[in-house]
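**Q** sequence and predicted structure below; questions after.
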Amino acid sequence: MVEWFFWNRADITRKVFCDDELFLWGLGQRVLRVAFEEMMEQEVIEAEMILPTHLRFKKIQMHEKYPKGQARGRHWKHLKQIIQAENYQNYPADEPNYVNIETPPSMHPRKHICDITGFEAPYSDPRTHLRYANTEVFKLIRSLPNEYVQRYLALRNAAVVLK
Amino acid sequence: MPFISQTQRQSDYNLIPPSCPIVIDNGASYFRIGWAGESEPRIIFRNIVQRPRHKITGETVTIVGDHDPALLKYFDCTRSGPRSAFDNNVVFQFEIMEYILDFAFDRLGADQTPINHPILITECACNPVQSRSKMAELLFETYGVPSIAFGVDAAFSYKYNQQLGICDRDGLAICSGFTTSHVIPFINGEPAYEACCRTNVGGYHVTDYLKQLLSLKYPHHMSRLTWEKVEELKMEHCYITPDYASEVRLFQKGAKEAEEKTRCWQLPWTPTPVEEPPSEEEIARKAALKERQGQRLREMAEAKRSSKINELENELKGLEFLIHQLRHVNGNDIPSFLAETGYVSKQEIEAAIVKVTQSLRKAKGEQDEIEEKPDPSTTEKYTLIDIPDNMLTPEQLKEKKRQLFLKTTSEGRQRAKQKRFEEELERERRNKEDEQRRLENPELYMEQLRVKYRDLSEKVEQRKRLKTNGNHGNESNNVSGGVGRGERLNAAQKERMRLLTTAAFDRGKGEDTFGIKDEDWQLYKKMSKDNDDEDEGPNEDEAELARVASRLREIDPTFFPKSEASSSGAEPPRFRPLTKEDFQILIGVERFRCPEILFRPNLIGVEQAGLDEMVGVSIRRLQQSRSEDIEENMTNSILITGGSCLYPGMSERVEAGVRMMRPCGSLIRVLKASDSVLDAWRGAASFASTMHFPRQVFNKKDYYEKGEDWLRQYQLKYAF
């Protein structure tokens, strides 16, 4: 029984599988938890927040599917790539697809609000391109360091992005 | 927090027959799983995964959902932020999805065999087929699920509310989720996807906007504004106004309603213990102590001085005695006689005597000796100056030069002393005048001083700001690689550039003649000097400023030196003790500015229409695709659902917005879902428990035989 206490979790699993499979299968989950307890703090175990590595209802376990050491997850395509790979242009245009159903830009006249205070902003600063409502806000804008100016602009997606 | 995770392990998994479907609502914010036919999902948790390392074992573990942050202290979470399987509202990271499903099935009680219940899982509207197929593959291959059905969460919610009688068969569903908002029209109970529309603004964006605004407004409380805390704030305090412009005008005017609407969040704060001004007896006691110490020191000094005087007197006496003895001794015997005492010759003894007498006199405090010394030295030393050069030997010439030098320096020193004396007089006179003026008219005097102070301080600040802004501009040059924004080279730098370019300018064929003339090297002096000049100029102003400040502080009880904070928002003023108000976060305009982005995504920079306009767009698309005239009834039953629809004032705003878009007199009825958050799951559960459901699923065989194209066409039929 003492042989089970290895440092590496993967080792524990392997040990459980290769020795006395049938006998240990029944204890399975609890065994792993007991072994782990030696290393983990009590309250963490009681909260049961860690995901066990071996789940019996799965046909293929995670550590088999994604062996350790390989670059995990870098091969997942992001949404933009997924959409591109869909080739929506090959299908009729009136069929609804992910890209079709996006809302077009707004038709309403654009109302600007002050970047700092949120009031209505009829004016904009030519130097920093921030919108402001009155002279006090303007004084504040002129005294802001550049970092804050860029962050305010980034709220509106209007920051200068140097790549 | 209105949303609470439930992650208790269920124990009745084995009791439920395999025909009972498992219903999953896979949302970007929360993951809900339960059994069909029930009214509540069994397990609810946040749809995120963290993979931190355990600090002691070094093991990388997986934690799904949100957990007690206190337990996370055992883990090193620096390199593992919470990750979501979603990108916008589509699942793309199936590894994370697998962790989540693992956790969900584990908590549901799945134990022994692969999951052999049919699964109904929700997805977004018009899910790309890649995502769908990967999800199907995951469920079939890894979990051994027999059959799957995909459905749209907004549709389930609408159907459920239709069953409850809240909305009609034809209508619109406005579903505002975590990352996106959809408007889907329903005709005869079936969603019409060709007229659906989606805006990429959701609850996540509202929370993020609020977080950024508060961080920019209160930069020194940034560590307190975590994403979870801001989400709590948003859920508690944010609301939607029917008319943004009028509401904001209230705040701009500073009306009383605005004051009431501003909420204040007081952060925990302990006041610094105030040191009481020392009481009378304290002061008296301290003064007495000091006096006593001074007395003691004085006594010690006195004692030292007297002992030193005694010593010197003794030495003097000894030396005089020695001389006296020497007179009695012959010349030849002097060296041997003196060998004992340590002096070699009589002159030495005499010199020693002179020195001792001098120090004795100094110790006794006579100053006259010193004063007289320079005068005789000046008169005696300058004898050679008046004699013309040709009469002197070379050595005498050298001597003369030295005397000349000494004379000029001493004269210079005297002149300097004289000038200083005069300046003193002048200052005295000015002070006296000042005093007089003050006594005559104190008010006016103070006013003038204050004005002068203000002007000076502004000048100094401006110059300082120019300098530091110039430096900041230069620093940011190094960081971003662009030209400093707007801060042009100041005068000194311009001058330097001019010098450099003129000096370095190659005039074509001619040889480079820089450096032949001596004047050319003056260039470098000029270039560096310019910098120095820049620094010295303001010092006069600053000195003046300091003088005026001290003056004002003396006479004006209400004066307070202006703190030097150049950017008012950037740092808390350090010159006064922090009060309770510094630790309050006021949320006024932000309360309704942040949810406003749902209706005006332009505020965030998303170039799409807001919720109210989306209704118009959707109806227009419906008219284009179908020729029937059904749109009069559409607006009669508009259902708002989704987690991001719980803001107070939402339905009034939607109604007002839709009224603007529709022809006058059309019936508009905006209905709230019975439970915006859980309705999608409930609808799915009730759908899964009908007889209709088994015909809608597809199993593994179907999937592999019919292929991806068929999967693309696959759509759930909601009505029966």
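**A** In hand now; what should we look at?

**Q** neighbours around whichever residue of chain A sits closest to chain B, how many?
**A** Chain B sits closest to A:N157 of chain A, with a gap of 2.4 Å, by CB to the nearest CB. (Glycine included, C-beta is placed from N, CA and C.) A:N157: 13 surrounding residues under other CB atoms under 10 Å in any protein chain shown.

**Q** what is B:H182 paired to in the beta sheet?
**A** B:C175, B:R198 (DSSP bridges).

**Q** is it true that it touches B:A154?
**A** Yes - look at B:H182 against B:A154 with CB atoms under 8 Å: they come within range, at 5.6 Å.

**Q** for the two, list the residues in contact with both.
**A** Contact criterion CB atoms under 8 Å, 6 or more residues apart in numbering or on different chains; residues bridging B:H182 and B:A154 by contacting each: B:125, B:173, B:175.

**Q** which one of those residues is nearest to chain A?
**A** B:A125 (6.6 Å).

**Q** how about that closest one, nearest residue that isn't a chain neighbour?
**A** With sequence-adjacent residues excluded and distances taken as CB to CB, 6 or more residues apart in numbering or on different chains, B:A125 is closest to B:V152, at 5.1 Å.

**Q** residue contacts, B:D243?
**A** Contacts of B:D243 by CB under 8 Å, 6+ apart are B:A656.

**Q** that one and B:A656, how far apart?
**A** 8 Å (CB to CB, to the nearest Å).

**Q** ditto for A:T53
**A** 54 Å.

**Q** okay, the two: which has more neighbours?
**A** For the pair A:T53 and B:A656, the greater number of neighbours falls to A:T53 (18 against 14), based on other CB under 10 Å.

**Q** is the more buried one in contact with A:K65, as I believe?
**A** No - assessed by CB under 8 Å, A:T53 is found out of contact with A:K65, at 11.7 Å.

**Q** now for the residue of the stretch 201-350 of chain B found nearest chain A: which residues touch it?
**A** Nearest residue of the stretch 201-350 of chain B to chain A (CB to the nearest CB) works out as B:Q252 at 4.7 Å. Counting by CB under 8 Å, 6+ apart, B:Q252 makes contact with A:117, A:119-120, A:133.

**Q** please name the nearest non-neighbouring residue to the residue of chain A closest to chain B.
**A** Take A:N157 and drop its neighbours on the chain: the residue closest to it by CB to CB, 6+ apart is B:G605, 2.4 Å away.

**Q** which regions of chain A sit below the pLDDT cut-off?
**A** A:1-47, A:69-74, A:163 (pLDDT under 70).

**Q** need the strands for it, in chain order.
**A** A:123-124, A:131-132 (DSSP state E).

**Q** tell me the most buried of the ones you listed?
**A** The highest average neighbour count among the strands of chain A, using mean count of other CB atoms under 10 Å in any protein chain shown, belongs to strand A:131-132 at a mean of 22.

**Q** show me what that one packs onto, helices and strands only.
**A** Where contact means 3 or more CB pairs under 8 Å, 6 or more residues apart in numbering or on different chains; DSSP states H and E, strand A:131-132 is packed against strand A:123-124.

**Q** output the contacting helices and strands for the strand it packs on.
**A** strand A:131-132.

**Q** partner strands of the strand it packs on, parallel or antiparallel?
**A** With DSSP bridges as the test, strand A:131-132 is paired with strand A:123-124 (antiparallel).

**Q** which residues sit against the strand it pairs with?
**A** So strand A:123-124 is contacted by A:112, A:130-133, A:138 (CB under 8 Å, 6+ apart).

**Q** repeat for stretch B:311-323
**A** Here stretch B:311-323 has contacts from B:341, B:343, B:346, B:349-350, B:352-353, B:356-357, B:359-360, B:363, using CB under 8 Å, 6+ apart.

**Q** give me that answer again for 6 Å
**A** B:349, B:352-353, B:356, B:359-360 (CB atoms under 6 Å, 6 or more residues apart in numbering or on different chains).

**Q** where exactly do the helices run in the stretch 1-150 of chain B?
**A** Using DSSP state H, counting those that start in this stretch, the helices of the stretch 1-150 of chain B run over residues B:94-108, B:129-137, B:143.

**Q** nope, chain A is what I was after
**A** Along chain A, the segments classed as helices by DSSP state H run A:9-18, A:21-25, A:28-37, A:42-47, A:62-65, A:79-86, A:135-143, A:146-155.

**Q** report the buried residues of stretch A:96-112.
**A** A:96-98, A:100-101, A:103, A:106 (16 or more other CB atoms under 10 Å in any protein chain shown).

**Q** could you identify the most distant pair in those?
**A** The largest separation in those, counting by CB to CB, is between A:N97 and A:S106 at 22.5 Å.

**Q** ok, now which ones touch B:R621?
**A** B:A195.

**Q** please redo it, this time with the cut-off set to 7 Å
**A** B:194-195, B:197 (CB atoms under 7 Å, 6 or more residues apart in numbering or on different chains).

**Q** tabulate those (JSON lines), appending distance to B:G37 and pLDDT.
**A** JSON lines is the format used below for the contacts of B:R621 (distance: CB to CB, whole Å; pLDDT from 0 to 100):
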{"residue": "B:E194", "distance to B:G37": "32", "pLDDT": "88"}
{"residue": "B:A195", "distance to B:G37": "32", "pLDDT": "89"}
{"residue": "B:C197", "distance to B:G37": "33", "pLDDT": "91"}
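
**Q** gap between B:P118 and chain A?
**A** Distance of B:P118 to chain A, given as CB to the nearest CB, to the nearest Å: 15 Å.

**Q** which single residue of chain B ends up nearest chain A?
**A** For chain B, CB to the nearest CB, closest residue to chain A: B:G605, 2.4 Å.

**Q** in three-state terms, label that residue for me.
**A** coil (DSSP: H, G, I helix; E, B strand; the rest coil).

**Q** for it, grab the count of nearby residues.
**A** B:G605: 14 surrounding residues under other CB under 10 Å.

**Q** wait, A:T128 sits on A:E147?
**A** No - if you go by CB atoms under 7 Å, A:T128 and A:E147 don't touch, sitting 12.0 Å apart.

**Q** who's more crowded, these two?
**A** More neighbours surround A:T128 than the other of A:T128 and A:E147, with 20 against 12 (other CB under 10 Å).

**Q** ok, the more buried one - contacts?
**A** With contacts defined as CB under 7 Å, 6+ apart, A:T128 is in contact with A:141, A:149.
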